[in-house]
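Undergrad: this one's sequence-less:
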Ligand code: AMP
């Protein structure tokens, strides 16, 4: 495994790729969710292809009140996990290298990114889109792997790749979970014991919403009311950001659910904001 520390070195390498490349962008603090994407990346390109992982805590996607400075950066452990997962290249640039202070160009997605996490975290998806655009140019992957856990991000990246004509197939990996169903996240490490116990409520609530739909409920408003009530009962000290049901492709909310929809939730457990989702195909719609 080779560690690539600058964007210039990455660009030089990728200009000469003569094998298929699968790319997993991350912010590090790797857990089994990231490793599952690395495993999927290897499956996509086989033993003759190359698997590239980036580890970059992207300052552009953090708001001023967010956790940029305390975001975990256990690089030695991350590299160990990459090595044992069979990664070929780890790209680990510095922040000034990726975003020189004189930078003036950003990439905005202006439909899917406006609501949900985009409303709660202004500028977040601009930061994501800008860095992913740069990473795609630097790494030149054939496949890029993203987790379904970050559902809105995945939808936005699919659109970005299509509209900016990147010759990359965006591949989604299923959400890896803890035993109580909590989606694995680098941010789970921030939770106190009590918050950690309560955090399972997000998953339980979304599963209940999916069950409601499967058993015939079609009113988005009624589903959302039930979700809020259940979540409050399970985690009275947590604060809901959103609990909603939207179309799985355009993320628009309709009064009646139909087709393929996704239940999306975001909630604060103390200062820690966690997200999760559940996709449901509405029967007979
Ligand atoms: P992050 O390091 O949080 O930026 O995440 C890097 C990639 O890993 C993103 O595509 C995430 O969607 C994905 N990811 C994060 N958590 C999980 C999980 N629990 N299961 C699967 N993929 C995940």
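TA: Yep, it's here. Predicted model, so just to flag it, every value in this text is computed and none were measured.

Undergrad: Please name the nearest non-neighbouring residue to the residue in the stretch 51-200 of the chain that the ligand sits nearest to.
TA: Of all residues in the stretch 51-200 of the chain, residue 147 sits closest to the ligand, at 2.4 Å by C-beta to the nearest ligand atom. All C-beta atoms are positioned from the backbone trio N, CA, C, and that covers glycine. Counting by C-beta to C-beta, 6 or more residues apart in numbering, residue 173 is the residue found nearest to residue 147 once chain neighbours are left out, at 5.3 Å.

Undergrad: which residues sit in contact with the one you found?
TA: Listed by C-beta atoms under 8 Å, 6 or more residues apart in numbering, the contact partners of residue 173 are 33, 36, 37, 40, 145, 146, 147, 148.

Undergrad: give me that answer again for 7 Å
TA: 36, 37, 40, 145, 147, 148 (C-beta atoms under 7 Å, 6 or more residues apart in numbering).

Undergrad: The residue of the stretch 51-200 of the chain closest to the ligand and residue 25: what is the separation?
TA: Counting by C-beta to C-beta, to the nearest Å, the separation of residue 147 from residue 25 is 10 Å.

Undergrad: go on, residue 217?
TA: Taking C-beta to C-beta, one finds residue 217 at 37 Å from residue 25.

Undergrad: Same question for residue 212.
TA: Taking C-beta to C-beta, one finds residue 212 at 35 Å from residue 25.

Undergrad: between residue 217 and residue 25, who's got more neighbours?
TA: Remark: of residue 217 and residue 25, residue 25 carries more neighbours, 24 against 17, as counted by other C-beta atoms under 10 Å.

Undergrad: Quick check, the more buried one in contact with residue 55.
TA: No - applying C-beta atoms under 7 Å, one finds residue 25 not in contact with residue 55, separated by 9.0 Å.

Undergrad: Return the residues of the protein in contact with the ligand.
TA: Proximity of the chain to the ligand, by C-beta under 6 Å from any ligand atom, involves residues 26-27, 33-34, 36-37, 146-147, 149-150, 173, 175-176, 183-186.

Undergrad: how far out from the middle of the chain is the lengthiest helix in the chain?
TA: Taking DSSP state H as the criterion, the chain has its longest helix at helix 193-214. Between the centre of helix 193-214 and the centre of its host chain there is 19 Å, according to C-alpha atoms, centre = their mean, to the nearest Å.

Undergrad: So which bits of that helix are buried?
TA: By 16 or more other C-beta atoms under 10 Å, the buried positions in helix 193-214 come out as 195-196, 198-206, 208-210, 212-213.
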